[in-house]
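Q: Sequence and computational prediction follow.
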Amino acid sequence: MGNAVAFDSYAYVKKLRDAGLTEQQAAIQAEAIVSLIEERLATKKDLAEVEAGLKRDIEKVRADLQRDIETVRADLQRDIETVRADLQRDLKELDTKMETRLKELDTKMETRLKELELRMVIKMGALILGGIGLLFGLMRAWPLPVQFVPTQEMRYTVPPSLPGK
């Protein structure tokens, strides 16, 4: 540090001598204080240089952080787009699978309904035939009290005239 601290060593030595120290003791103490000031104390100029250096370092760190943030933001945006595209692809696959599965289920349901319809027709036919058979059986077991027998229509022809009439 280029110290330019104003220290009046003569006035200091004089004060120490007036306080009862010897000239040699006062001079040694004044040299020690001057050495201490030169080595350890910072001037306003030194502080301004340090402050300027810190500001440069802070600006560099800020610029680096801003660049890193922009890089992370771009990477994050790219990752988001990739995930979005993957999700859309997965949703389309899922939609296609669901449509296929729904068509399969619809086909199975139609087949089952047709089988059930055929069974119902067969059972209804069997019920109807069974009912008719039961009806004929009952008719044989309990005949009607009056039976209608078809009769042949009789036609009488008028005989040719009889003698005597």
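A: Everything's here; your move.
Q: in this protein, which segments are predicted with low confidence?
A: By pLDDT under 70, the low-scoring segments of the chain are 1-5, 143-165.
Q: In this protein, where's the longest helix?
A: When the chain is parsed with DSSP state H, its longest helix is helix 44-141.
Q: packing partners for that one?
A: Helices and strands touching helix 44-141, by 3 or more CB pairs under 8 Å, 6 or more residues apart in numbering; DSSP states H and E: there are none. For glycine as for every other residue, the C-beta is placed from the backbone atoms N, C-alpha and C.
Q: List the buried residues in stretch 57-76.
A: Buried residues in stretch 57-76, defined by neighbour count with 16 or more other CB atoms under 10 Å: none.
Q: Mind telling me what element A26 is part of?
A: In this assignment (DSSP states H and E), A26 forms part of helix 23-40.
Q: Go ahead and produce PDB holding the CA coordinates of that helix.
A: The C-alpha trace of helix 23-40 is given here as PDB (Å, rounded to 0.1, in the frame of the first residue of the first chain):
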ATOM      1  CA  GLU A  23      14.900  11.300  23.600                       C
ATOM      2  CA  GLN A  24      16.000   7.900  22.500                       C
ATOM      3  CA  GLN A  25      12.900   6.200  23.900                       C
ATOM      4  CA  ALA A  26      10.600   8.700  22.300                       C
ATOM      5  CA  ALA A  27      12.400   8.300  18.900                       C
ATOM      6  CA  ILE A  28      12.200   4.500  19.000                       C
ATOM      7  CA  GLN A  29       8.500   4.700  19.900                       C
ATOM      8  CA  ALA A  30       7.800   7.300  17.100                       C
ATOM      9  CA  GLU A  31       9.600   5.000  14.500                       C
ATOM     10  CA  ALA A  32       7.500   2.000  15.700                       C
ATOM     11  CA  ILE A  33       4.300   4.000  15.200                       C
ATOM     12  CA  VAL A  34       5.400   5.200  11.800                       C
ATOM     13  CA  SER A  35       6.300   1.700  10.800                       C
ATOM     14  CA  LEU A  36       3.000   0.400  12.100                       C
ATOM     15  CA  ILE A  37       1.100   3.100  10.200                       C
ATOM     16  CA  GLU A  38       2.900   2.400   6.900                       C
ATOM     17  CA  GLU A  39       2.500  -1.300   7.200                       C
ATOM     18  CA  ARG A  40      -1.000  -1.700   8.600                       C
END
